[in-house]
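[1] sequence-free structure coming up:
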């Protein structure tokens with residue numbers, strides 16, 4: 001029948017037009033919101049763990065590099081100070097000052 005054929009043709013065309021409209025106008029909006037929501041959710045869930053791992057790895061690497069350097073520099077500075085302290089008498093300072101100021 002003519003009315004049935006016309007209804008089917010109209011339905012097909014309306015379905016196709018609505019599909020085009022949705023794809024062109026609504027899909028970008030929905031996609032944008034879905035992407036924002038997924039990005040926010042993934043970021044909120046993964047960033048604390050990623051930050052903790054990055055901090056731990058950075059601290060470990062810094063420790064591996066700095067400990068040998070600091071151990072050597074601390075040893076060098078302490079040895080010099082301790083040897084000066086152990087071999088130098090405070091009385092020497094007094095006599096050096098006395099000689100320098102009294103010229104005797």
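    Nice, I can see it. Predicted model only: the values in this text are computed from it and were never measured.

[2] all contacts plus neighbour counts: C-alpha atoms, from now on.
    OK.

[3] longest helix anywhere in this structure?
    When the chain is parsed with DSSP state H, its longest helix is helix 27-87.

[4] what residue ranges in the protein score low on pLDDT?
    For the chain, the stretches with pLDDT under 70 are 90-98, 103-104.

[5] 90 instead, please
    1-63, 66-104 (pLDDT under 90).

[6] the residue nearest the centre of it and residue 60, how far apart?
    Centroid-nearest residue in the chain, with C-alpha atoms, centre = their mean: residue 51, separated by 5.8 Å. Taken as C-alpha to C-alpha, to the nearest Å, the spacing of residue 51 relative to residue 60 amounts to 14 Å.

[7] repeat for residue 54
    On the measure of C-alpha to C-alpha, residue 54 and residue 60 end up 10 Å apart.

[8] residue 80 now?
    30 Å.

[9] residue 18: how many residues sit nearby?
    Neighbourhood size, residue 18 [other C-alpha atoms under 10 Å]: 12.
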